[in-house]
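> My questions are about this predicted structure, shown below with the sequence.
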Amino acid sequence: MRLRFDEQLGLLHRELIAMGALCEDAIATAAKALAEGSRSLAMKAPELSSEIAHRERLIESMCMKLLLSQQPVAKDLRVISSALKMVTDLERIGDNSGDIAEIVGMANIEPTDNTHTIQDMARAAIRMVTDSIDAFVKRDVALARVVIEYDDVVDGLFNRVKAELKEQLADRSQNSEKALDLLMIAKYFERIGDHAVEVARWVLYSITGSRE
Amino acid sequence: MTKRIFYTIMTVAVSVMLASSLLFMTALYSYFSRTHMAQLKRQTELFAAGIEAIGADYLDITDLPGEEDYRTTWIGVDGGVLFDSLKNPGEMENHLEREEVKSALATGYGESQRYSSTLTQKLLYSAKRLSDGTVIRLSVAQSSLLALTMGMVQPILIILLAALLISVLLASNLSKRIVKPLNELDLDDPLSNQGYDELSGLFHRIDAQKKQIKSQSEELSRRQSEFEAVTGGMSEGIVLIGHSGEILSINPSARRLLGCDEIAPGAKMIEINRSVGLTEILERAEREGSSEGTIRVRDRILRLDASSVVSEGVSLGCALLILDVTEREKAEEQRREFTANVSHELKTPLQTISGSAELLAGGLVKSEDVPGFAKSIYSESKRLIQLVEDIIGLSRLDEGAPDMAVKSVELFSQTKAALSGLYSKAGEQGVSVELTGESVYIKGVPQLTQSIVYNLADNAIKYNRRGGWVKITVAPDGDRATLCVEDGGIGIPESEQERIFERFYRVDKSRSKEISGTGLGLSIVKHSARLQGARLSLDSAPGRGTRITVSFVRDLEPDKGQDMQNM
């Protein structure tokens, strides 16, 4: 009985990692589409986010089945309940990546547009997502804390993007419509960072048993 | 084990005790019954004799001690009761039908036994016919087997309990004694055990199997270390993956390529690398038997070859071979680009030539335009020749042509000579060219040095503004000598700086004819510098200009004679 339960927990673990990998893929695709202004890449992102949503439902029903049939307690219960919460955040990350790609596709953003700071944000957000999933895989408490700290960097970059766009609008070097799109993109990256922090928090919870 | 032995002994002891007491009671009872009956018969005969001798009065004087247990009845010939020691004879019924009376009347003596209505007592009857035809009957009450047993319950229970206690003690003791040597068996050294001779066969067997297991595990670990030695030295990564994705074996190269330093035992592949590509390749291998693909891990391009390991129709897992194909992919890409570039570069002038020639041949050109067409054919042909020469020169550089022996070269005069052909071109562009510096000897090849200077200066003039400037400086720098070509031209964007030394790479992708060039100049510079052991460095910013510095190996003991000859 316990053996079977452990097997199912292992499967849940693997499914979560696979879903995390898909999220990394999605955000990387969105960031690349932004950097290269590539429409074909932007088209790929919605596919990824629907795949991620599908995985979310799969993992959710898996968790429910485990909760009902095994009635886990203590650590197992923590692992399963945090998995339930984590998939929601992962799904949001996939969603936001899809949104970014959509804006890139619609707004016709070119590599020549000055998007350096946003690309810095993208890199920071990707790092946060990767680290939060790494923390989950390696059950690394320290790394999860690093992710939570790192959110400040993304927030700082977001403020810089805002300030830069304000300047560019003031001296009319930026098309106002594009500026709004860029601001939205930056906001989505900032949201992705927040979700990565949530994932890291749930990783911490599943290991230590306390919410920080 | 101890418990089972204990319970078995206990069960046997208790059942033996119960059975024997039952047997004992039954035997005892039947013996009692027989003696009782015999006694009763004797008594009856005594009574009969007494009555025959004395008459009815005998009955009144028989109130002897010990005889009150007997009930005496005298039955007349007609069955009526003449006397009874317990009841009034008048109230008693006819006794003629009683079994013992009937047989006494028939044979002279009869006996029977009946249970009383309560079953706790058995009544024994014995009757004797007297000479006058009457019957004297004696009866005595005897306890039934049940009552007898009931009476003996207490002592029996005490005995049973005592026996039980003793057997509990003995059983537990015995079972412990049986099991103890078994518990103390030393299975690590089975032959050293004593105690049970019956087990020695087993011990020998265990010993033999232990030896076999040991030799097999040694063989296994030897093979394992062989396998590790073989795979450890490989530059390709090998990973063996179990059925549920756990890593069974991974060699150092695979660890390096996948970028993981330590792997916890039983770690899953997906925990090491979760890239979607890898997961897909493994899944496909499981489904289809084998699969391949490439993934990117931290700027490296890895080629993966996975094949599932199937034994007797059951999939045991997957073997994954990892090759680092980054260099190959890059070289492949460069070659593709080069081929595409060469064809494009060769085709453009040829098309102009063939187009012009076609028009000329068709007589479609006005006579006054003919020189113009001829001129374009001529200039395009020259461009083609230049291109082919450059390509030949480059391939010679690639091969490292044998006539390019390194010798002592005076850099300043070589630079001056190389520049001499460029002043007119600079004049056309309105660019000033200035050469400063001092004489310094380097180890190099004169033709290559000149081609470096020529190409760098040519670029500096071409990619410049009207009325711009080019500064060329030759200076010694410790054990090296530097040639610095600086301009105030259009500059190179940072993102392009890495690629400008590639063949046919031109910053201006539109390949406009405004600035003529083959796109091979800097590539020639790079290869020429490499062949002479010189280092290149680039410092450029768009709109500010470009500075390219070539750092040659300085020749501190120049052989002037040879150098003079060269000049």
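That came through fine.
> Please make it C-alpha for all contacts and neighbour counts, starting now.
Fine.
> Work out which residue lies at the spatial centre of chain B.
By C-alpha atoms, centre = their mean, chain B has its centre lying nearest to residue B:246, at 3.6 Å.
> before we move on, what about chain A?
By C-alpha atoms, centre = their mean, chain A has its centre lying nearest to residue A:93, at 3.3 Å.
> so the residue nearest to the centre of chain B touches residue B:266, yeah?
Yes: counting by C-alpha atoms under 8 Å, residue B:266 is a contact partner of residue B:246 at 5.6 Å.
> nearest residue to residue B:92 other than its sequence neighbours?
Spatial nearest neighbour of residue B:92, excluding adjacent residues (C-alpha to C-alpha, 6 or more residues apart in numbering or on different chains): residue B:81 at 6.7 Å.
> Tell me the residues of chain A that contact chain B?
Contact residues (C-alpha under 8 Å from any C-alpha of the partner chain) of chain A with chain B: A:14, A:17, A:18, A:21, A:22, A:25, A:137, A:138.
> and residue A:67, what are its phi and psi?
Torsion angles at residue A:67 (phi, psi; degrees, to the nearest 10) stand at phi -60, psi -40.
> So for the closest residue to the residue nearest to the centre of chain B other than its chain neighbours, what's the pLDDT?
Spatial nearest neighbour of residue B:246, chain neighbours left out: residue B:268 (4.0 Å); criterion: C-alpha to C-alpha, 6+ apart. Among the per-residue scores, residue B:268 holds a pLDDT of 81.
> pretty sure residue B:268 is touching residue B:247, no?
Yes: taking C-alpha under 8 Å as the definition, residue B:268 is a contact partner of residue B:247 at 5.7 Å.
> picking up where we left off before, can you point out the helix or strand that includes the residue nearest to the centre of chain A?
helix A:74-107 (DSSP states H and E).
> shaky segments in chain B?
B:1, B:60-69, B:116-120, B:144-145, B:400-404, B:508-517, B:559-567 (pLDDT under 70).
> which parts of it sit against chain A?
Residues of chain B found near chain A (C-alpha under 8 Å from any C-alpha) are B:270, B:271, B:274, B:275, B:276.
> check which helix or strand covers the nearest residue to the third one once chain neighbours are set aside.
Meaning residue B:274. Spatial nearest neighbour of residue B:274, chain neighbours left out: residue A:21 (5.6 Å); criterion: C-alpha to C-alpha, 6+ apart. Applying DSSP H and E as the criterion places residue A:21 in helix A:2-36.
> Same check on residue B:318?
Residue B:318 is part of strand B:314-324, with elements assigned from DSSP H and E.
> Extract the C-alpha trace of that strand and format it as CSV.
C-alpha atoms of strand B:314-324 as CSV (Å, rounded to 0.1, in the frame of the first residue of the first chain):
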residue,chain,number,x,y,z
VAL,B,314,10.1,-6.4,-21.2
SER,B,315,11.4,-2.8,-21.4
LEU,B,316,14.1,-2.5,-18.7
GLY,B,317,14.8,1.2,-19.4
CYS,B,318,16.8,3.2,-21.7
ALA,B,319,20.4,3.9,-22.7
LEU,B,320,21.2,7.4,-23.6
LEU,B,321,24.3,8.5,-25.5
ILE,B,322,25.2,12.2,-25.4
LEU,B,323,27.5,13.9,-27.9
ASP,B,324,28.7,17.5,-27.7
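> Give me the sheet partners of it and which way each runs.
Its sheet considered, strand B:314-324 pairs with strand B:237-242 (antiparallel), strand B:300-311 (antiparallel) by DSSP bridges.
> Not counting the longest one itself, show me its contacts.
Residues lying outside strand B:300-311 but in contact with it, judged by C-alpha atoms under 8 Å, 6 or more residues apart in numbering or on different chains, are B:257, B:278, B:281-282, B:285-286, B:289-296, B:315-326, B:329.
> And stretch A:183-200, by the same measure?
For stretch A:183-200, contacts defined as C-alpha under 8 Å, 6+ apart pick out A:86, A:89-90, A:92-93, A:96-97, A:99-100, A:103, A:118, A:121-122, A:125, A:128-129, A:132-133, A:135-136, A:144-145, A:147-148, A:151, A:154-155, A:158, A:161-162, A:165.
> which residue ranges form the strands in the stretch 301-450 of chain B?
B:314-324, B:407-410, B:432-437, B:441-444 (DSSP state E, counting those that start in this stretch).
> hey, which of those strands is tucked in deepest?
Ranked by mean neighbour count, the strands of the stretch 301-450 of chain B are led by strand B:441-444 with a mean of 26 (mean count of other C-alpha atoms under 10 Å in any protein chain shown).
> any idea how far the closest residue to residue B:454 other than its chain neighbours lies from residue B:528?
Leaving aside its sequence neighbours, residue B:454 sits nearest to residue B:418 (C-alpha to C-alpha, 6+ apart; 5.5 Å). Distance, residue B:418 to residue B:528, by C-alpha to C-alpha, to the nearest Å: 15 Å.
> Neighbour count for those two, which is higher?
residue B:528 (24 against 19; other C-alpha atoms under 10 Å in any protein chain shown).
> which residues does the more buried one contact?
Residue B:528 is in contact with B:397, B:448, B:449, B:451, B:452, counting by C-alpha under 8 Å, 6+ apart.
> residues near the third one, how many?
The tally of other residues near residue B:449 (other C-alpha under 10 Å) stands at 24.
> cool, and the first one?
Counted with other C-alpha under 10 Å, residues neighbouring residue B:397 total 19.
> these two touch, right, it and residue B:527?
Yes: Residue B:397 lies in contact with residue B:527 (C-alpha under 8 Å); the separation is 6.3 Å.
> what's around residue 105, how many residues?
Defaulting to chain A. By other C-alpha under 10 Å, neighbour count at residue A:105 equals 20.
> look at chain B instead
Residue B:105: 20 neighbours (other C-alpha under 10 Å).
> and the spatially closest residue to it that is not a sequence neighbour, what are its phi and psi?
The shortest distance from residue B:105 to any non-neighbouring residue, by C-alpha to C-alpha, 6+ apart, is to residue B:129 (6.0 Å). Dihedral pair for residue B:129: phi -80, psi 130, per degrees, to the nearest 10.
> Now do the same contact list for residue B:129.
By C-alpha under 8 Å, 6+ apart, the residues touching residue B:129 are B:48, B:104, B:105, B:108, B:109, B:135, B:136.
> Would you mind giving those as JSON lines with secondary structure and distance to residue B:17 added?
Formatted as JSON lines, those follow (DSSP: H, G, I helix; E, B strand; the rest coil; distance: C-alpha to C-alpha, whole Å):
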{"residue": "B:48", "secondary structure": "helix", "distance to residue B:17": "46"}
{"residue": "B:104", "secondary structure": "helix", "distance to residue B:17": "44"}
{"residue": "B:105", "secondary structure": "helix", "distance to residue B:17": "47"}
{"residue": "B:108", "secondary structure": "coil", "distance to residue B:17": "45"}
{"residue": "B:109", "secondary structure": "strand", "distance to residue B:17": "42"}
{"residue": "B:135", "secondary structure": "strand", "distance to residue B:17": "47"}
{"residue": "B:136", "secondary structure": "strand", "distance to residue B:17": "45"}
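> Distance to residue A:193 for those - can I get that in JSON lines?
Output for those, formatted as JSON lines (distance: C-alpha to C-alpha, whole Å):
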{"residue": "B:48", "distance to residue A:193": "126"}
{"residue": "B:104", "distance to residue A:193": "121"}
{"residue": "B:105", "distance to residue A:193": "124"}
{"residue": "B:108", "distance to residue A:193": "124"}
{"residue": "B:109", "distance to residue A:193": "121"}
{"residue": "B:135", "distance to residue A:193": "124"}
{"residue": "B:136", "distance to residue A:193": "123"}
